[in-house]
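>>> no sequence on hand, only this structure:
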């Protein structure tokens with residue numbers, strides 16, 4: 001069976017391109033040129049005797065063969081990465097303080113942090129749920145995830161993801177005579193949001209900002225807005241990162257196709273002198289592999 005394995009570099013190029021959705025994104029991740037990534041993908045397609053992508057100007061789309069290949073290849077690379085990380089477990093010990101926004105903490109970190117703790121049982125991890133810049137400049141905090149504009153003076157800043165915004169509702173609100181099927185069905189429903197401007201941008205994009213009877217409730221905390229939607233209290237404006245697992249497990253439903261880009265994005269922020277600190281690097285690598 002091993003004699004039939006394709007060479008490693010074409011598999012890496014394929015997996016990165018499929019995960020990132022573009023050749024340019026894969027090239028940036030692998031630190032090679034876009035033409036090199038394209039060449040490696042062509043080698044793999046030639047080896048397998050079938051196309052793996054449908055090429056478009058915007059993003060790469062997997063063919064049926066590509067979809068069948070992606071998950072086992074990604075799983076194999078994840079297993080290799082985890083095995084390599086575990087080799088460092090005996091020396092990976094100490095205190096690590098990470099500050100993350102409440103929404104990031106509650107809707108993503110709380111679901112995955114056990115995996116990090118299992119991989120690094122000797123790391124004494126402290127999570128500070130906050131989006132306050134005081135932690136960015138605190139000597140007591142090693143690493144921050146921040147939702148913002150990406151500008152923090154004297155700090156190393158790396159983009160995690162720039163989410164999009166769209167309405168999300170409980171499955172309970174998608175049934176019965178008052179089900180939300182069309183944009184007009186938002187009339188009379190409570191629309192939860194952290195700031196009303198975000199809802200107004202989405203409503204304008206959906207050409208329904210002039211609807212009568214719109215009820216926008218500012219709560220000032222996106223986590224509470226999403227929790228209210230989960231419990232069937234109304235419609236929340238969720239971001240593509242924070243609600244992606246709720247959508248995947250059916251806790252929430254996105255009733256419309258219209259999206260708008262969020263004003264800000266999620267970033268990793270840390271002091272430059274900690275860029276190569278073993279515990280910080282371990283956490284950043286775990287975060288990247290788990291997110292992608």
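That came through fine. Quick caveat, the model's predicted, so the values are computed rather than measured.

>>> which residue is nearest the middle of the protein?
residue 241 (4.4 Å; C-alpha atoms, centre = their mean).

>>> count of neighbours near the closest residue to that one other than its chain neighbours?
For residue 241, ignoring the flanking residues on the chain, the nearest one in space by C-beta to C-beta, 6 or more residues apart in numbering is residue 163 at 4.4 Å. Where you see a C-beta, it was placed from the backbone N, CA and C, and this is true even at glycine. Using other C-beta atoms under 10 Å, residue 163 has 20 neighbouring residues.

>>> check the one 5 residues further on too.
Taking other C-beta under 10 Å as the neighbour definition, residue 168 ends up with a count of 25.

>>> wait, it touches residue 244, no?
No. Residue 168 is beyond contact range of residue 244, at 10.4 Å (criterion: C-beta atoms under 8 Å).

>>> which ones are touching residue 201?
Going by C-beta atoms under 8 Å, 6 or more residues apart in numbering, residue 201 touches 165, 260.

>>> secondary structure of it: a helix, I assume?
Yes. The assignment for residue 201 (DSSP: H, G, I helix; E, B strand; the rest coil) places it in a helix.

>>> per-residue pLDDT, it?
Looking at residue 201, its pLDDT reads 93.

>>> cool, residue 173 as well?
At residue 173, the pLDDT value in this model is 83.

>>> now do the phi/psi pair for it.
phi -90, psi 0 (degrees, to the nearest 10).

>>> do the same with residue 272
Torsion angles, degrees, to the nearest 10, at residue 272: phi -60, psi -30.

>>> excluding chain neighbours, give the residue nearest to it in space.
Closest residue to residue 272 apart from its sequence neighbours, by C-beta to C-beta, 6+ apart: residue 156 at 5.0 Å.

>>> over to residue 239?
Using C-beta to C-beta, 6+ apart, the nearest residue to residue 239 is residue 163, at 3.9 Å.

>>> and if you look at residue 207?
Counting by C-beta to C-beta, 6+ apart, residue 183 is the residue found nearest to residue 207 once chain neighbours are left out, at 7.8 Å.

>>> distance of the one you found from residue 256?
Distance, residue 183 to residue 256, using C-beta to C-beta, to the nearest Å: 6 Å.

>>> mutual contacts of these two, please.
residue 206.

>>> got the domain boundaries for the protein?
For the chain, the structural domains run 2-86, 92-162+265-291, 164-261, going by automatic domain parsing.

>>> could you pull up the mean pLDDT of the first one?
In this case it means domain 2-86. Average pLDDT, domain 2-86: 85.

>>> next secondary structure after whichever strand or helix holds residue 40?
For residue 40, the host element (DSSP states H and E) is helix 34-48. Note on helix 34-48: by DSSP H and E, the next helix or strand toward the C-terminus is strand 53-54.

>>> for the helix or strand following that next one, packing partners?
On the C-terminal side of strand 53-54, the closest following helix or strand by DSSP H and E is strand 61-62. Applying 3 or more C-beta pairs under 8 Å, 6 or more residues apart in numbering; DSSP states H and E, one finds that strand 61-62 contacts strand 53-54.

>>> what about the residue nearest to residue 211 when sequence neighbours are not counted, neighbour count?
Using C-beta to C-beta, 6+ apart and skipping the chain neighbours, the partner closest in space to residue 211 is residue 187 (5.5 Å). Per other C-beta under 10 Å, the neighbour tally for residue 187 reads 13.

>>> next up, the contacts around residue 187.
With contacts defined as C-beta under 8 Å, 6+ apart, residue 187 is in contact with 211-214.

>>> among those residues, which has the minimum pLDDT value?
Sorting those by pLDDT puts residue 213 at the bottom of the list (77).

>>> list the contacts for that residue?
187-188.

>>> one more: residue 200?
209, 216.

>>> let's see that with 7 Å instead.
Residues near residue 200 by C-beta atoms under 7 Å, 6 or more residues apart in numbering: residue 209.

>>> and the closest residue to residue 292 other than its chain neighbours, how many neighbours does it have?
Excluding its sequence neighbours, the residue lying closest to residue 292 (C-beta to C-beta, 6+ apart) is residue 19, at 5.7 Å. The tally of other residues near residue 19 (other C-beta under 10 Å) stands at 15.

>>> all helices for the protein, in order.
8-20, 23-30, 34-48, 64-87, 102-104, 110-119, 133-136, 196-205, 222-230, 244-248, 278-291 (DSSP state H).

>>> ok, which of those comes nearest residue 269?
Residue 269 lies closest to helix 133-136 among the helices of the chain, at 5.4 Å (C-beta to C-beta).

>>> out of the contacts of residue 187, which are buried?
Buried residues within the contacts of residue 187, counting neighbours by 16 or more other C-beta atoms under 10 Å: residue 214.
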